[in-house]
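Novice: fold the following, please.
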Amino acid sequence: MSQPPDTTERTAPAETGVRFDEHGVLPIPDHERDCSPWELFWIWCGANIAPINWVLGALGITLGLSLLETLIVVGVGNLFGCAIFGLFNVIGHRTAVNQMVLGRSAFGIKGAALPAIVQGLLTMAWVGVNTWVVLDLVLAVLDQLGISGGLGLRIVVAAVIMAVQLGLALYGFYAIRTFEKYTVPLTIAVMVVMTVLALGRTHLNWSTSVTDTPGEKLTAITQLITAIGIGWGLTWIPYAADYSRFVRPNLSARKVFWASATGMYIPTVWLAALGACLASAGGSADPSTVVVGTFGVLAIPVLLLIMHGPIATNILNLYSCSLAALTIGIRIARWKVTLFAGVIASLVLAVFINATSFAHAFDNWMVSILMWISPWMSILLVDYFLIHRRALSIPDLYREPASSAFGGFNIPGLVSLAAGLLAGWSWQYGLVPAMQGPVARALGNTDFSWLSGGFVAGGIYALLMTAISARRIQSHHPQNIT
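Specialist: So this is what the prediction gives:
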């Protein structure tokens with residue numbers, strides 16, 4: 001299960017053009033870490049300048065909150081979520097190691113395969129989610145013009161999008177960075193114009209929420225915090241170090257933090273606020289309905305730039321998926337990993353196409369993701385800052401279990417993760433009965449799964465590892481008995 005030796009030839013950075021990324025999951029050499037703070041900012045900003053982010057704000061309206069309540073939850077919640085996300089980027093920058101391999105210190109060389117498998121599956125599923133949004137949007141705009149091709153047209157559009165994003169993802173980080181650097185600023189300019197046009201044509205509804213009781217309002221707020229407010233930034237944490245490991249090694253942690261945190265926060269809150277405003281006026285959370293209903297044929301000139309968002313997001317998913325596969329020791333060509341990812345994405349796409357409410361399906365999706373990310377994230381934070389005190393042994397991350405200081409399985413980490421998953425589910429209140437835990441129902445149908453899962457997992461891990469460390473010290477320095 002450990003990472004096989006990387007026999008790929010290392011070459012110096014090319015002076016011009018976009019070079020092929022030959023890196024696997026080994027630490028990035030200093031001379032090949034040439035990403036600037038602005039380039040890191042464009043990567044995360046581009047991944048979130050996407051139609052799917054309109055759903056973030058529209059979901060609050062769907063859950064019954066008022067426009068003002070939705071904006072507050074999204075704005076304040078993402079301050080915390082994006083701050084933690086920025087912190088993980090700093091860890092990736094300091095170690096030059098991708099995110100799933102970093103988990104070996106907390107779960108063991110073999111034990112880290114479990115989170116890597118989950119991350120690999122999630123990245124594949126996200127490709128399906130994001131592709132659904134852009135397909136729905138393109139077909140809705142074309143239908144507005146009287147063009148309808150049914151399944152055939154849907155396949156053609158999906159094939160074009162998949163070809164572009166697969167090409168970029170296979171070429172690697174340097175192609176992703178270049179694509180984002182040159183396309184995101186233009187996309188932002190277009191989105192500014194679209195925002196002005198949308199708000200100028202929309203009669204915002206600032207009326208009170210449609211929830212009837214304080215209990216229902218609290219339920220909706222906690223659901224939105226979990227799925228969107230704090231949750232959105234947290235869902236990107238498994239990707240963080242995959243890209244910050246390429247940032248110039250001489251840059252300060254502060255620059256890396258702000259480049260990544262603001263790159264996530266600005267587009268997320270901006271587009272979520274726009275989605276909430278449009279949904280408050282039209283009452284729909286479906287992205288295609290929102291866009292076509294607001295812009296009509298004016299959406300045509302910017303259609304290609306709107307398609308940029310899902311592509312910019314999916315290239316990160318596909319690239320990180322291949323890193324997750326390498327982390328668990330899968331020795332197959334990257335193109336085979338991405339082909340398999342396309343199959344899984346198609347299955348997820350079919351689920352969303354058949355869903356009666358995209359907003360509700362998306363909420364269930366987000367809540368299920370956070371149930372594992374929160375405890376996993378908390379364990380890694382405790383492990384890096386408290387247990388290892390920001391001084392990980394990088395070579396031990398790549399050794400065979402028998403010779404690594406982290407061993408094959410770190411039982412305290414795995415036990416803590418299991419306890420965190422149980423605690424997260426217990427205080428989870430999703431939109432289906434299976435996602436409604438006993439604590440959530442007992443405490444007024446509230447959803448603090450991200451908090452309970454993270455607190456329990458991190459707390460137990462800190463206690464277990466501290467106790468083990470104390471026993472080791474005592475065994476090396478036994479007290480004199482007189």
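
Novice: hey, let's count contacts and neighbours off CA atoms from now on
Specialist: Fine.

Novice: by contact count, what packs against the host helix or strand of Thr268?
Specialist: Following DSSP states H and E, one finds Thr268 within helix 253-282. Counting by 3 or more Cα pairs under 8 Å, 6 or more residues apart in numbering; DSSP states H and E, the packing neighbours recorded for helix 253-282 are helix 37-48, helix 54-62, helix 67-95, helix 173-201, helix 287-295.

Novice: tell me the most buried of those helices?
Specialist: Neighbour counts averaged per stretch over these are highest for helix 54-62, at a mean of 29; criterion: mean count of other Cα atoms under 10 Å.

Novice: give me the helices and strands touching the helix ranked longest in the chain, please.
Specialist: Counting residues, the longest helix in the chain under DSSP state H turns out to be helix 113-144. Secondary structure elements in contact with helix 113-144, counted by 3+ Cα pairs under 8 Å, 6+ apart, are helix 150-171, helix 287-295, helix 303-327, helix 334-354.

Novice: residues of the longest one that come out buried?
Specialist: Applying a neighbour-count criterion of 16 or more other Cα atoms under 10 Å, one finds 305-327 buried in helix 303-327.

Novice: try the first one
Specialist: Judged by neighbour count using 16+ other Cα under 10 Å, the buried positions of helix 150-171 are Leu153, Arg154, Ile161, Met162, Gln165, Leu166, Leu168, Ala169, Leu170, Tyr171.

Novice: in the protein, what secondary structure element scores lowest on mean pLDDT?
Specialist: For the chain, counting by mean pLDDT, DSSP states H and E, helix 287-295 ranks last in confidence among helices and strands (a mean of 59).

Novice: quickly, which of the helices and strands packed on helix 113-144 bottoms out on average pLDDT?
Specialist: For those, the weakest mean pLDDT is recorded on helix 287-295, namely a mean of 59.

Novice: residue contacts, Ala273?
Specialist: Taking Cα atoms under 8 Å, 6 or more residues apart in numbering as the definition of contact, the neighbours of Ala273 are Trp54, Gly57, Leu71, Val74.

Novice: what sits closest to the most centrally placed residue in the chain if chain neighbours are left out?
Specialist: With the centre of the chain defined as its mean C-alpha position, the nearest residue by Cα atoms, centre = their mean is Trp236, 2.3 Å away. Using Cα to Cα, 6 or more residues apart in numbering and skipping the chain neighbours, the partner closest in space to Trp236 is Phe85 (7.0 Å).

Novice: pretty sure that neighbour sits against Leu234.
Specialist: Yes. The pair formed by Phe85 and Leu234 meets the contact definition of Cα atoms under 8 Å, at 6.2 Å.

Novice: re earlier: nearest to Pro249 among the contacts of Ala273?
Specialist: Within the contacts of Ala273, distances to Pro249 taken as Cα to Cα reach their minimum at Val74, with 33.1 Å.

Novice: give me the contacts around stretch 435-453.
Specialist: Applying Cα under 8 Å, 6+ apart, the set of residues contacting stretch 435-453 is 215, 218-219, 222-223, 226, 231, 368, 370-372, 374-375, 419-430.

Novice: how does it look with 6 Å?
Specialist: Stretch 435-453 is touched from outside by 219, 222-223, 374-375, 420-421, 423-430, with contacts defined as Cα atoms under 6 Å, 6 or more residues apart in numbering.

Novice: coming back round to it: of all the helices and strands packed on helix 253-282, which one is nearest Ser393?
Specialist: Between Ser393 and these, the tightest spacing by Cα to Cα is seen for helix 67-95, at 9.5 Å.

Novice: report the distance from the helix or strand following the closest one to the chain centre.
Specialist: Remark: after helix 67-95, the chain's next helix or strand is helix 99-102, criterion DSSP H and E. In terms of Cα atoms, centre = their mean, to the nearest Å, the centre of helix 99-102 is found 15 Å from the chain centre.

Novice: tell me the mean pLDDT for helix 99-102?
Specialist: Averaging pLDDT along helix 99-102 yields 95.

Novice: send the alpha carbons of it over as PDB?
Specialist: The C-alpha coordinates for helix 99-102 follow below in PDB (Å, rounded to 0.1, in the frame of the first residue of the first chain):
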ATOM      1  CA  GLN A  99      -3.000  16.200   1.000                       C
ATOM      2  CA  MET A 100      -3.700  12.400   1.100                       C
ATOM      3  CA  VAL A 101      -0.100  11.500   1.700                       C
ATOM      4  CA  LEU A 102       0.100  13.900   4.600                       C
END
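
Novice: after it, next one along is what?
Specialist: Following helix 99-102 toward the C-terminus (DSSP H and E): helix 104-107.
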